[in-house]
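# Here is my input, please return the structure:
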Amino acid sequence: MPTTPAKHGSRAPEREAKKPMIRKTTGQKPACLVNASVTYCGNDQIYAFGGFDQFTDEVYNHVLKLDLKSLNWSLVDNYGDIPGVRMGHSATLYEGNKLLVYGGENEHREYLSDVVILDLKTHHWTQPEVHGNVPKGRARHAAVVYEDKLFVIGGLTGETNYILDDICYLDLKTWTWSKTWTFVQRFDHTAWIWGGRLWVFGGLGMDMERSSEIWWLDLKGSPAANAAARIMGPSRGHHGRNDPFSHPRTEPYTANSTSVHIRSRRGGPTAPGAISTLKFLSGPYVPMQTSGTHFHVCSSGALLDFVTPAATIPHRDCNLSTLELDSMRWQKLVEGSEMFSTGYKWHYCTMNEDGTKVWMLGSPQEDPGNTTVGEQQLSEVLSIDLRRYGLLGNDSAPTSEQNRILAAERSSAVSAGLGSDLAAMFDQSPDTGSMADFTVTANVDELAFDEDDSEGTMGGNTPTTGSSSGNALFVSDASANCSPPIHVHKFILQSRWPHFKRLLSAKMIEYQTNKLHIPEPYSVVRAFLYYLYTDDISPHTAYCRDLSDVAGMLVMANLYDMPKLRLLCVNRLSREIDIDHAAVIWERAGRTEEEWLKNRAARFCMMNWGRVVRTDGFRSLTRSSLMELCEVVDTEGRVVGGEELDDSFGGGYASANTSGRRRHRDSTTETEGGDDTDVDMN
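So this is what the prediction gives:
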């Protein structure tokens, strides 16, 4: 269903209102420094350290703090073993109140390998006495903390002008460096830990092109990675040095400068544990790393790729895409027009530890006629709530995601511990010794109660309590249209379901009879109750098998004000949306006022209209819902197909879409190695 832009642009103000908010900062705003570190350190505070001033050719060791509540920048008075000036270093939060700074390059173009620690409470610097052989000095590397170890991956070193391909770690308990192993050759890349694995994505390799490969190293069960040893690094070469910052004004500004020609050299033992890599060659949702300014973070078991406005990419082509690490599937979550406003450039990105919020620091885009240096500051903050887009965050993400990737299986999420014990007791008759003391019934049909039923009744039953929308939540006497009983435990429902707790506290008739009828489909109610026992809505052989059940639980989460269940449902529906359920997801998202999910489902329906209209889910929509869905397309759109599609657009639109489908179907990946063998990196 190709469309042309609406003539009147009536939806533009609505889109602008839903975008993440851009706010101006005050105080001692820093310049748009090159290769500084910007780190979220908890308590609504972002710390910026070091960096290179592109206008004054000066390298800094200033510590600045941005208070996200007051939006005020302040220069921090710091004490102790204050580190020297540097750029291209890493700054990693440790134990919630320490900032670990490693490496970088100083004003003499020397590559550093020291470790300095800033106490965020006292702003006092210390430099620990480290043991073992210190790894090569480097800049523009990646660093991540995992199980009291600071892992350092790749980077640039200046002595022989090559890209490092190594990995090592500093034991933060003994302050001892491990030996060095060969891993992946990168700089300006991103590294993170998820599912007991260390992941690397993005950056530049020996070909000096932005990489579309993702690498991962298993850290669990590797004895060599658990014992500190002497360093065994790659041998040193004798190539000449080409300084990436010798002429800082000759290239357009970018936070991660790449104006450097690098030679590569490799050697040393391969990193312990299984190394795997996957290269994404093409696909309709695979973001092109060579276009635009990309920021990468990890949240909810997914790599988030923010494509932000830049000179190399039109504003309309910006977006937020995600790579699900368990399935290695890319999908586009948010269009650029829904997230970014025109006229701004973003230089740095940081995320909170919960993985629920992202902040981008930037400035208004340069006006060709404006040469005022003072305007080039980190003066703007873009705050993005990831939960709005169905991302759970690291604390709320079900452990099943990590279990599945570690065990390489897609079995039931509830496999061990208390959740397994409770799940075994769910819907078991008291005769089996389950001690179930309450029964719940639901509607036997697969259709939810009529949304247009303004009287709040169902099948002639009188509701005992209702919602503000007029829909019945419970009915006490539901002999007609009643499912078999579901055996549950009052103490579990009371502790996990606030509405049920209020129901019992009021001592309504359900309190006396130990029976409750919920006028929702039987499969939805059963999946909802199973969630109360397990805290999970992953696919199961008996529960949540169908996205219609998840969409139904989204409605229940909205009715009963259960924010975590709502987020779980939005997350799964957005990840697994398909032809059969797109229309139902769109309708349920509209009913629950999940505008982002509704828009996403609407776009999916428009892109697959010919198939969606032939599904049972589409036919189940009410007349008013059908009319609303059809009006999603703008007034200038029309449906074309077959030969007309080829003729009307000269094959352009048809070839674009068929090739897109072909790319999606034949999307090619290159895999080297696997879980059982190491990768040949040569």
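
# how distant is stretch 346-353 from the center of its chain?
Remark: stretch 346-353 is offset 13 Å from the chain centroid, using C-alpha atoms, centre = their mean, to the nearest Å.

# Any buried residues in that stretch, and which?
Using 16 or more other C-beta atoms under 10 Å as the test for burial, stretch 346-353 gives 346-352. Yep, even glycine has a C-beta here, placed from its N, CA and C like the rest.

# and of those residues, the nearest to G202?
C349 (12.1 Å; C-beta to C-beta).

# Now the closest one. Nearest residue, chain neighbours left out?
Counting by C-beta to C-beta, 6 or more residues apart in numbering, C349 lies nearest to F295, which is 3.6 Å off, once chain neighbours are set aside.

# Count the neighbours of that neighbour for me.
Residues near F295, counting by other C-beta atoms under 10 Å, number 22.

# wait, doesn't it sit right on G362?
No: here F295 lies out of contact with G362, judged by C-beta atoms under 8 Å, at a distance of 10.8 Å.

# Quickly list what's touching both of those two.
Residues touching both F295 and G362 (C-beta atoms under 8 Å, 6 or more residues apart in numbering) are W346.

# Most widely separated two among the buried residues of stretch 346-353?
Maximum pairwise distance among those (C-beta to C-beta): 18.9 Å, between H347 and N352.

# about what we covered before: and the residue nearest to C349, which of the three is it?
Of the three states, F295 takes strand under DSSP: H, G, I helix; E, B strand; the rest coil.

# In this protein, where is pLDDT below threshold?
For the chain, the stretches with pLDDT under 70 are 1-17, 161, 221-267, 366-375, 395-420, 445-480, 641-682.

# please redo it, this time with the cut-off set to 80
Where the chain drops to pLDDT under 80, the residues are 1-18, 159-161, 221-268, 311-312, 314-316, 366-376, 395-423, 445-481, 541, 633-682.

# So which residue is smack in the middle of it?
S299 (3.8 Å; C-alpha atoms, centre = their mean).

# which residues does it bridge with?
A302 (DSSP bridges).

# ok, it - contacts?
S299 neighbours (C-beta under 8 Å, 6+ apart): 351, 355-356, 386, 391-394.

# Narrow those to those in strands?
Among the contacts of S299, the members falling in strands (DSSP state E) are M351.

# could I get the contacts of S299 as a markdown table with distance to H89?
Compiled in a markdown table, these are given as follows (distance: C-beta to C-beta, whole Å):
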| residue | distance to H89 |
| --- | --- |
| M351 | 19 |
| G355 | 24 |
| T356 | 27 |
| L386 | 27 |
| L391 | 29 |
| L392 | 31 |
| G393 | 28 |
| N394 | 25 |
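
# can you count the residues close to H108?
Residues lying near H108 (other C-beta under 10 Å) number 8.

# Count residues in the vicinity of S113, would you?
16.

# ok, now how distant is it from H141?
10 Å (C-beta to C-beta, to the nearest Å).

# Pull out the buried positions in stretch 174-192.
176-192.
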